[in-house]
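**Student:** for reference, the sequence and a predicted model appear below.
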Amino acid sequence: MGKNQVIALVVAIVAVIIFYLGCDNLSQSQQRINETRKGSLVATDIQNLLNKAKDEMSETNRGEISALESIVRNSASDTLAMLSNLEKLSASWFQFGHAEIAGHYAKEIASIKQDAGSWEIAGTTFVLCLQKSDDPKIRTFCSTNAVTAFENAISEDPKNVSHRINLALCYVEEPQRDNPMRGILMLRELSENYPDNPSVRYQLGRLAVMTGQFEKAIERLESAYTLSPDDKRIVCLLADTYQKVGNSLKSEEFAKKCTN
């Protein structure tokens, strides 16, 4: 191999090394940029929702919200006052038909108070958002936050089964693409672990009604009724379900209990 060929080979090898090192550094740099962008998108999700909601609301309502936001900012040094003002802001957004934003401020409250009850309120608000909204972006926002809220409620109060039921219902309201049965399976597991809990059986009965499995629904609801005969949710749904299967006598029996 001639001298010129050796030099050319060395240059080629060095170029390849520089290319791969450069690509590696660029890849790492790009990863950091992508991670930053991802963080920014998550952080601005609520801001996008706020901007859109304010653009669409009346001037009067927008003025009320702006005034409450100002009050919240001005009370930042007084935790109790700020919590009270955040509650008012959350309630106003809910009143104006934006459960997703109401849930955001309920989550802010829970993040400060760090108790199970506050996380449950936040999670429930996000679930109401799921029940009200058909917008995919809003549903994703509310589903993600509802799951986080109920997981935090479970962490704060692990013995309270209602938090676990609510977490399962999050997955029922917004099934995962890779595991659409997750919510139902969680409820079934809860039913096995807490056989004397009427709320679990009621929710399984409600799901059976939603899928047209009326006989199975009646079986589950009757067992829930045995455990909690004063629960209006159970007796009212039993009245409706018996009506669906054509059992008028049973339907009337539970309808009377439902209205009393």
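**Tutor:** Cool, got the structure.

**Student:** for the stretch 101-250 of the chain, what spans make up the helices?
**Tutor:** With DSSP state H, counting those that start in this stretch, the ranges of helices along the stretch 101-250 of the chain come out as 116-132, 136-156, 161-173, 182-193, 198-210, 214-227, 232-244, 248-259.

**Student:** would JSON lines of those with mean pLDDT, distance to residue 79 and mean neighbour count be doable?
**Tutor:** From N, CA and C alone the C-beta is placed, and that goes for glycine too. What follows is the helices of the stretch 101-250 of the chain, written out as JSON lines (pLDDT from 0 to 100; distance: least, C-beta to C-beta, whole Å; neighbours: other C-beta atoms under 10 Å):
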{"stretch": "helix 116-132", "mean pLDDT": "96", "distance to residue 79": "13", "mean neighbour count": "22"}
{"stretch": "helix 136-156", "mean pLDDT": "96", "distance to residue 79": "18", "mean neighbour count": "20"}
{"stretch": "helix 161-173", "mean pLDDT": "95", "distance to residue 79": "25", "mean neighbour count": "21"}
{"stretch": "helix 182-193", "mean pLDDT": "94", "distance to residue 79": "35", "mean neighbour count": "16"}
{"stretch": "helix 198-210", "mean pLDDT": "95", "distance to residue 79": "34", "mean neighbour count": "21"}
{"stretch": "helix 214-227", "mean pLDDT": "96", "distance to residue 79": "41", "mean neighbour count": "19"}
{"stretch": "helix 232-244", "mean pLDDT": "96", "distance to residue 79": "36", "mean neighbour count": "20"}
{"stretch": "helix 248-259", "mean pLDDT": "95", "distance to residue 79": "44", "mean neighbour count": "15"}
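
**Student:** now distance to residue 82 too, for these, in a markdown table please.
**Tutor:** Compiled in a markdown table, the helices of the stretch 101-250 of the chain are given as follows (distance: least, C-beta to C-beta, whole Å):
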| stretch | distance to residue 82 |
| --- | --- |
| helix 116-132 | 14 |
| helix 136-156 | 20 |
| helix 161-173 | 26 |
| helix 182-193 | 35 |
| helix 198-210 | 34 |
| helix 214-227 | 41 |
| helix 232-244 | 35 |
| helix 248-259 | 42 |
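
**Student:** tell me which of the ones you listed lies nearest to residue 106.
**Tutor:** Counting by C-beta to C-beta, residue 106 lies closest to helix 116-132 out of the helices of the stretch 101-250 of the chain; the figure is 4.0 Å.

**Student:** just the CA coordinates of that closest one, formatted as PDB?
**Tutor:** This file holds the C-alpha atoms of helix 116-132, laid out as PDB (Å, rounded to 0.1, in the frame of the first residue of the first chain):
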ATOM      1  CA  ALA A 116     -56.500  11.500  51.000                       C
ATOM      2  CA  GLY A 117     -59.800  13.500  51.000                       C
ATOM      3  CA  SER A 118     -58.300  16.300  48.900                       C
ATOM      4  CA  TRP A 119     -56.900  13.900  46.400                       C
ATOM      5  CA  GLU A 120     -60.200  12.100  46.200                       C
ATOM      6  CA  ILE A 121     -62.000  15.400  45.400                       C
ATOM      7  CA  ALA A 122     -59.500  16.100  42.700                       C
ATOM      8  CA  GLY A 123     -59.800  12.600  41.200                       C
ATOM      9  CA  THR A 124     -63.600  12.800  41.300                       C
ATOM     10  CA  THR A 125     -63.600  16.100  39.500                       C
ATOM     11  CA  PHE A 126     -61.400  14.700  36.700                       C
ATOM     12  CA  VAL A 127     -63.700  11.700  36.400                       C
ATOM     13  CA  LEU A 128     -66.700  14.000  36.000                       C
ATOM     14  CA  CYS A 129     -64.600  15.600  33.200                       C
ATOM     15  CA  LEU A 130     -64.400  12.200  31.600                       C
ATOM     16  CA  GLN A 131     -68.100  11.800  31.800                       C
ATOM     17  CA  LYS A 132     -68.800  15.200  30.300                       C
END
